[in-house]
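Undergrad: Got a sequence here, can you model it:
(2 chains)
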2 protein chains.
Amino acid sequence: MSPPPIDGRARVVIEGVTPEVDAGRFAAKRTIGDTVIVEADIFTDGHERAAAAILVRHESETEPATIAMTPLVNDRWRGSFVVSRGGGYWFTLLGWRDDFGTWAADLEKRRAAGPVADVDLAIGAALVAAAAARAAGDDARRLRRFSAALAEGGSAATAVAGDPELAALVAAHPDLEHATRYDRELPIFVDRERARFGAWYEMFPRSCASEAGRHATFRDAAARLAYVASMGFDVVYLPPIHPIGHTHRKGKNNALVAEPGEPGSPWAIGGIEGGHESVHPELGTLGDFDAFVAEATGQGLDVALDIAYQCSPDHPYVALHPEWFRRRPDGTIQYAENPPKKYQDIYPFDFDTEAWASLWQELLDIVLFWMDHGVRIFRVDNPHTKPFALWEWLIAEARKKDPGVIFLSEAFTRPKVMYRLAKLGFTQSYTYFTWRRTAPELRAYFTELTAPPVLDFFRPNLWPNTPDILTDVLQEGGPPAFAIRYLLASTLGASYGIYGPAFELGERVPREPGSEEYRDSEKYEIRHWDLDRPDSLRSLITRTNAARHAHAALQRDDTLTFHDTDNPRLLCYSKTSASASDVVLVVVSLDPVWKQGGWVDLDLAALGVTPDTAFEVHDLLSGARYPWHGRRNYVELDPHRLPAHLFEVRRIT
Amino acid sequence: MSPPPIDGRARVVIEGVTPEVDAGRFAAKRTIGDTVIVEADIFTDGHERAAAAILVRHESETEPATIAMTPLVNDRWRGSFVVSRGGGYWFTLLGWRDDFGTWAADLEKRRAAGPVADVDLAIGAALVAAAAARAAGDDARRLRRFSAALAEGGSAATAVAGDPELAALVAAHPDLEHATRYDRELPIFVDRERARFGAWYEMFPRSCASEAGRHATFRDAAARLAYVASMGFDVVYLPPIHPIGHTHRKGKNNALVAEPGEPGSPWAIGGIEGGHESVHPELGTLGDFDAFVAEATGQGLDVALDIAYQCSPDHPYVALHPEWFRRRPDGTIQYAENPPKKYQDIYPFDFDTEAWASLWQELLDIVLFWMDHGVRIFRVDNPHTKPFALWEWLIAEARKKDPGVIFLSEAFTRPKVMYRLAKLGFTQSYTYFTWRRTAPELRAYFTELTAPPVLDFFRPNLWPNTPDILTDVLQEGGPPAFAIRYLLASTLGASYGIYGPAFELGERVPREPGSEEYRDSEKYEIRHWDLDRPDSLRSLITRTNAARHAHAALQRDDTLTFHDTDNPRLLCYSKTSASASDVVLVVVSLDPVWKQGGWVDLDLAALGVTPDTAFEVHDLLSGARYPWHGRRNYVELDPHRLPAHLFEVRRIT
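TA: You can find the predicted model right below:
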């Protein structure tokens, strides 16, 4: 026979806590300034009342703050706190039986039924005296006076029982002797705002020369930043900037053998000039890179670097750390393969090596090195081909140096793998957005992403194109399709990015029919772009990014709401700011060819509009204003003019 | 800086495991003979293959059995095992990287693309040699031969690589050095079959006399068992059989003062003749009770006793254990209250007492005492007014004596409280069925109860009436309503019960208009029933219970599926046996007054019927047979004849 538990008098149950990711195994993600809303099912046996509080502390603190929770309905309780600092928070819950509250509520029922017996008032007097014993100073004195008044009995005492001052005093000195503490400490990781909201611009620095035919330098790239900033971007992201290998170097259009003088792929990292902690000599020096970062910072841009943990055969690691690579039975080093495809220009690390710990340390050191050079954002190439445990450890270590460091997971792979990477620490993730075209596809996918549990750990970053992905939608749809995909990305996603100037200039020729690769891809050659072409999307991008900066509603994903339309080519959705004071409504036509019109059927509550009031929608792209009324309103969109409305909703009060 | 984890080479992730109740805090419920299906998301980084197994053991075993899992789609894996013994099981999962499987699949792709290089075969030879080193005896010899054959290279070796015998041999000796073990051991509690399936009959033994006006004895109650068994019931449940207090004894219809000679409420437990371990002298002796249990067992009936942890003022505990009761400031013992209602005939235990541990022990001893007298089922009165922790401990202790002991929770309270009691050990629970009348209400509620997570921990037991609950549906609907509610309870629920003979005799007069209490309730007086009345539902009950015994489909709730109808007064649902070989389809008219007809729109897949085949439905109540075809079929039900079809579905092959 087992003895009963330590103390059987803990009567309160706490369960169903949110936010809680995988039973507390992983942190829920929030950003600085967020109000974290905590809910739980909290109850006790019998008809007794419960009381509850959140205990929360920043990781740098030892003593938690206590925040009272209040009951909603059906035994659900809620409390909230603001996370004002970056880094980790921990919270748990405390629940206890509110004997005074139970007594007071019962007494009110007794009072309603007839005169109250003195013995019932005496029970309350004892509860208040016990609270007085837990209090000190003035509170104790006041509680003792209340206790004495109750003990006197009669109608005067009955009136005292309902005194709000008495209730507040007792609540301030609760009896926690048999309180229940939730059995898990739940983590929350708080990022800086850029984790939640940002427009990214990817560019190849070597293609930034002002004249064609020259390998550009960091100085050229720095000069290009004014252009990027003028469009309102927040992040400039550079593919790898390291020395490029010569052995098995790929030529134009991924040719197996490069011609002399061809620059090779930046992802074939490492040569005699150095590896992951060096810069490609043709781009300049580390000092030039530092100057680039300084210029970007001055323009209000974060710099994001590419982290690709792989080596060209010429990488210094190959000679210095042969233990980090796998040898085949014939003595050669195992190159990258996805049978039957072979990538002889890339050596993957052997994470099964006995020397895995020193390898991990080196990989972390690479991140710390670039953080020392002012980089606070890393776009991680193919994280799903490296151990999950590596990322969990490495990201946590990097955050010790700077809790504001951001990691974007470039894992275009199976959904559970993508979600796992997000859970274990990646700040943001690439998504399937690129391949979701129809309204039902987009609606289903973004509903999944913006609802718990996914909402708590996965932050989407939407890209209409990347150097690896030129979708058939863009190839075939031309400029209207570029505008459609751009507007979807930048308004469905608080975080989005484009690979430019290919994107704004409408580059859309595939390497061969059916391919998602670009012809004459910048991955294998230097390109020169005419930024001032009249058909550039620059103006649309600038207007949209301006709207994103002006409207808090476009800076978060958790308020996304879809609205029905009667035309399946029209997708309609809204977002609000956290306080719901800012409301943006988007209608996008998914048809790049024909004009589309139809009725939208609005969820007025989501817009903060009451059914019988008129409201105005103001198009932030075209400047047009329309008076609307009620649920059903008509829209018409011509893809050759502007395929979307980006409305600010103005309630007329 | 934190050191990396113990070993970074564990590459497999295991998450999303089912069944798992509250992250393993509580056991999932199953019954003996069930096949437990375990699923999980299991994957590794890269394109490598994973392999996985369930490790499962009965609580009496120290070494787990290993059961291979197989992949479904989208990184979901499944495995299963049969639970053949009552009591607790524990399982967890093991996942590892299947390097041989990855190699063999890659080799097949290489082979399809052209001749295979010997170096690739040599890699496989090394993997097989490693498996040989983990094996012994004949397996090791055969693996060494395979390794040598691969090492020879060429097309012969390529053919060997795909040999299924080789794959099976390597799989039998996996490399578990860096396997991932799921970080929780998950409990399953396996009950005997009665926990999943049974028809209960509640009766007051003191009303079992063959003639009116006499307090019946256990001998009379034993004589009544043949009647109960003849209707096909599985459990006979008795309200408390203990001595009844005299102080503040309630009279007929809950009168505040009993007249001399009135028997009082059996729930006012305890008198000078004894308490919870004694029997009421007017019912007989403990020996008579033992004889009653023996007679029930002989009739194939389990005996269920009422556990009501409360005392009349005359209970021996009051004098012997004053420390188990709370005293008010005036020195009197606190009686039961739900302000402004007072129950002066009942003293609740004070679970906040310092002596709570001795009280708990005594309450457990009561259960163990009756288990020693052959009782294996307890219906627990108002468990939600006692500590949750008490039940978790007490039920676990009782199961150590007999893992087949069953506890039914009589907690008609808030949903989360009811679910919590189920999670912490109650075998079955009363439900809101009694107050769910319309088709949408019934469909929503039973969909919730029969889907995870509720399905895994909450087993409903459906009662159309109890001594405390005579619903307005029965009061107003009369005999057809009794038949409707009976057929719903007995076919929606694998476990159901009626309070008889009040139910089968259609007793339906409330104490006063608007009350759910019976007039002249047996709770306060002895009744005499004419069991042979021609309007008794006995025949319907007998036929229904016979169908329940003959059809495995009616013996479980987890296969419940609702089907649409075009008449909202018609509710249609089906159940199948675990193997789906037995299929029962029910159509119930919820209208006790008018004939109702309409079309049912069947989910044919749930019935195991292909769209284009005819099938026959055979009414197990009326004996009628109908040839049906396709999704849509017509039904018509007259409440004054029979308000339901209880069809066996016979596929015509």
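Undergrad: distance of A:Val303 from A:Ile377?
TA: For A:Val303, the distance to A:Ile377 equals 7 Å [CB to CB, to the nearest Å]. C-beta here means a position set from N, CA and C on the backbone, and glycine is covered the same way.
Undergrad: Over to A:Ser622?
TA: Taking CB to CB, one finds A:Ser622 at 33 Å from A:Ile377.
Undergrad: Look at the two and report which has more neighbours.
TA: Just comparing A:Ser622 and A:Ile377: by other CB atoms under 10 Å in any protein chain shown the higher neighbour count belongs to A:Ile377, 24 against 13.
Undergrad: show me the contacts for the residue positioned nearest the centre of chain A.
TA: Nearest to the geometric centre of chain A sits A:Arg459, at 3.1 Å (CA atoms, centre = their mean). Contacts here follow CB atoms under 8 Å, 6 or more residues apart in numbering or on different chains; on that basis A:Arg459 touches A:Lys29, A:Ala195, A:Arg196, A:Ala422, A:Thr427, A:Gln428, A:Ser429, A:Ser495, A:Asp557.
Undergrad: tell me the phi and psi of the first one?
TA: A:Lys29 adopts backbone torsions of phi -100, psi 140, taken as degrees, to the nearest 10.
Undergrad: cool, the one 4 residues further on as well?
TA: Dihedral angles phi and psi of A:Gly33 (degrees, to the nearest 10) take the values phi 100, psi -10.
Undergrad: That one: how many residues sit nearby?
TA: Neighbours around A:Gly33, by other CB under 10 Å: 14.
Undergrad: Overlap in contacts, A:Val303 and A:Ile377.
TA: A:Val235, A:Tyr237.
Undergrad: that older thread, which one of the contacts of A:Arg459 is nearest to chain B?
TA: Checking these against chain B with CB to the nearest CB, the nearest one is A:Ala422 at 12.6 Å.
Undergrad: quick revisit: could I get the contacts of A:Arg459 as TSV with secondary structure and pLDDT?
TA: Putting the contacts of A:Arg459 into TSV (DSSP: H, G, I helix; E, B strand; the rest coil; pLDDT from 0 to 100) gives the following:
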residue	secondary structure	pLDDT
A:Lys29	strand	98
A:Ala195	helix	98
A:Arg196	coil	98
A:Ala422	helix	98
A:Thr427	coil	98
A:Gln428	strand	98
A:Ser429	strand	98
A:Ser495	strand	98
A:Asp557	coil	98
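Undergrad: Could you dump these into CSV and include distance to B:Arg326?
TA: Shown next, in CSV, are the contacts of A:Arg459 (distance: CB to CB, whole Å):
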residue, distance to B:Arg326
A:Lys29, 48
A:Ala195, 55
A:Arg196, 54
A:Ala422, 53
A:Thr427, 55
A:Gln428, 58
A:Ser429, 57
A:Ser495, 59
A:Asp557, 54
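Undergrad: Low-confidence ranges, the stretch 251-400 of chain A, go.
TA: Low-confidence segments of the stretch 251-400 of chain A (pLDDT under 70): none present.
Undergrad: The stretch 501-650 of chain A too?
TA: In the stretch 501-650 of chain A (pLDDT under 70), no residue qualifies.
Undergrad: And A:Leu107, how far from A:Ser147?
TA: Per CB to CB, A:Leu107 is found 14 Å from A:Ser147.
Undergrad: Please list the residues of the stretch 101-250 of chain A that sit near chain B.
TA: Within reach of chain B by CB under 8 Å from any CB of the partner chain, the stretch 101-250 of chain A has these residues: A:106-107, A:109-110, A:112-114, A:119, A:122-123, A:125-126, A:178, A:183.
Undergrad: Dump the residues you listed to CSV, plus secondary structure.
TA: Below are those laid out as CSV (DSSP: H, G, I helix; E, B strand; the rest coil):
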residue, secondary structure
A:Asp106, helix
A:Leu107, helix
A:Lys109, helix
A:Arg110, helix
A:Ala112, helix
A:Ala113, helix
A:Gly114, coil
A:Val119, helix
A:Ala122, helix
A:Ile123, helix
A:Ala125, helix
A:Ala126, helix
A:His178, coil
A:Asp183, coil
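Undergrad: of all the residues you listed, which two lie farthest apart?
TA: Maximum pairwise distance among these (CB to CB): 44.5 Å, between A:Gly114 and A:Asp183.
Undergrad: ok, the two, which is more surrounded?
TA: Per other CB under 10 Å, whichever of A:Gly114 and A:Asp183 has more neighbours is A:Asp183, with 12 against 8.
Undergrad: can you pull the contacts of the more buried one?
TA: Applying CB under 8 Å, 6+ apart, the residues contacting A:Asp183 are B:Arg25.
Undergrad: which stretches of the stretch 1-150 of chain A form strands?
TA: A:12-18, A:28-31, A:35-44, A:50-58, A:65-68, A:70-71, A:76-82, A:87-97 (DSSP state E, counting those that start in this stretch).
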